[in-house]
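Peer 1: Structure, please.
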Amino acid sequence: MYDKILVANDGSAGGQKALTAAIELARRLSTELHMATVEELPRIPASIDEVAEEKTEANHRFAPVIEAAKVEAQRAGVTLETHLLPGHVVEAIVRLINERGFDLLVAGFMGHSQLYERIIGGTTDRLVRLVPCSVLVVK
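Peer 2: Residues are numbered from 1 along each chain as shown. Purely as a prediction, here's the structure:
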């Protein structure tokens, strides 16, 4: 059914639910599992030093998320390959899916107010529209 699963996990409650569901699915299907965590860098950095500082901070912020995900996967008997990507969440995940040929994206649902959704839109909504593979949204 699915050969390569990618789960998006930013360490939020929705990301954790998506990870748990993706691990169980990968275990049941005996399939390859990857996790993407995206470090959003400033759109217009003031300097190279600002980019380097943001990257260092993101690496420290996401290290516990990545380590906890590996432990959870290992407990379930699933190998997890992780990807810490720079950039905008949607662009980075779409790019990774296109480059690596994933056939399922598992993402968590993050509820926002109706005003937020109208003005900004939801990351998960944009992923559902833009990725070239099946998407499982976990609530």
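Peer 1: For the chain, which segments count as strands?
Peer 2: Along the chain, the stretches classed as strands by DSSP state E are 4-8, 32-39, 80-86, 104-108, 134-138.
Peer 1: who does the longest one pair up with?
Peer 2: Looking back up the chat, that one is strand 32-39. strand 4-8 (parallel), strand 80-86 (parallel) (DSSP bridges).
Peer 1: So what touches the last one?
Peer 2: Think strand 80-86. 23, 32-39, 41, 55, 58-59, 62, 66, 69-70, 73-74, 92-93, 95-96 (C-beta atoms under 8 Å, 6 or more residues apart in numbering). Every residue, glycine included, has its C-beta placed from N, CA and C.
Peer 1: and with 10 Å instead?
Peer 2: For strand 80-86, the surrounding residues in contact (C-beta atoms under 10 Å, 6 or more residues apart in numbering) are 4, 6-7, 9, 19, 22-23, 26, 32-41, 51, 54-55, 58-59, 62-63, 65-67, 69-74, 91-93, 95-96, 100.
Peer 1: Would you reformat the strands of the chain as a markdown table and include distance to D125 and mean neighbour count?
Peer 2: Conversion of those to a markdown table gives the following (distance: least, C-beta to C-beta, whole Å; neighbours: other C-beta atoms under 10 Å):
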| stretch | distance to D125 | mean neighbour count |
| --- | --- | --- |
| strand 4-8 | 13 | 25 |
| strand 32-39 | 16 | 22 |
| strand 80-86 | 20 | 16 |
| strand 104-108 | 10 | 26 |
| strand 134-138 | 9 | 16 |
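Peer 1: Please produce JSON lines containing these, extended by mean pLDDT.
Peer 2: What follows is these, written out as JSON lines (pLDDT from 0 to 100):
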{"stretch": "strand 4-8", "mean pLDDT": "97"}
{"stretch": "strand 32-39", "mean pLDDT": "95"}
{"stretch": "strand 80-86", "mean pLDDT": "95"}
{"stretch": "strand 104-108", "mean pLDDT": "95"}
{"stretch": "strand 134-138", "mean pLDDT": "94"}
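Peer 1: Fine, thanks again, bye for now.
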